[in-house]
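> sequence first, then the predicted structure:
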Amino acid sequence: MVRQLRVRADGQGLHEITRELEAVVEQANIEEGLCTLFVQHTSASLVVQENADPSARRDLERWIARLVVEGDPLYTHTLEGADDMPAHIKAALTATSLSIPILAGRLALGTWQGVFLWEHRHRGGERSIAVHVA
């Protein structure tokens, strides 16, 4: 089963999509398998990360902003603004696809794990994620 998941990500940061994925897995009605996700954009990524304490997300967001600085004079790809090339670099350093096992009809995530779309652009917008459950 393949579904297109659309996520509204208004601005930079980690946007949790665990519940939306759980709904897709439930619709697939399988006990064991694999959920594969692929974000169809070059300036956003996917990560599995802690979903209990928001400070973990804030620290990750600050860390990557320090690692990949906006406005670096090295960048020539600036047509869409100062966050354009840094967004591409951040996506390249993280993941554009994930695979999560399905056990007993549920995503096999740990107690404190959630799945996040990581928007790397300031303005964000609607992002598309292809989800395959088999």
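All right, it came through fine.
> which element is Ala65 on?
helix 54-67 (DSSP states H and E).
> for that helix, what is the distance to the chain centroid?
14 Å (CA atoms, centre = their mean, to the nearest Å).
> ok, stretch 6-14 next?
That offset, for stretch 6-14, works out to 9 Å (CA atoms, centre = their mean).
> same question, stretch 41-60
For stretch 41-60, the distance to the chain centre is 7 Å (CA atoms, centre = their mean).
> swap in stretch 80-90?
On CA atoms, centre = their mean, the centre of stretch 80-90 falls 16 Å from that of its chain.
> residues making contact with it?
12, 42-45, 64, 68-72, 75-78, 118, 120-122 (CB atoms under 8 Å, 6 or more residues apart in numbering). To be clear about C-beta, it is placed using only N, CA and C from the backbone, and glycine gets the same treatment.
> thinking again about what came up before, which helices and strands does the helix holding Ala65 pack with?
Helix 54-67 sits against strand 13-16, strand 44-50, helix 84-93, with contacts defined as 3 or more CB pairs under 8 Å, 6 or more residues apart in numbering; DSSP states H and E.
> give me the buried entries from the contacts of stretch 80-90.
Listed as buried from these are Gln12, Ser43, Ala44, Ser45, Ile64, Val68, Trp118, His120, Arg121; burial here means 16 or more other CB atoms under 10 Å.
> now do the contacts for the first one.
Listed by CB under 8 Å, 6+ apart, the contact set of Gln12 reads Glu61, Asp83, Glu119, His120, Arg121, His122, Gly124.
> could you report the pLDDT at Leu79?
As predicted, Leu79 sits at a pLDDT of 89.
> tell me the secondary structure for it?
coil (DSSP: H, G, I helix; E, B strand; the rest coil).
> quick revisit: out of the helices and strands packed on helix 54-67, the one nearest His132 is which?
Nearest of the helices and strands packed on helix 54-67 to His132, taken as CB to CB: strand 44-50 at 13.4 Å.
> list the contacts of the closest one.
9, 14, 37, 39, 56-57, 60, 87, 90-91, 94-98, 100, 109, 112-121, 127, 129.
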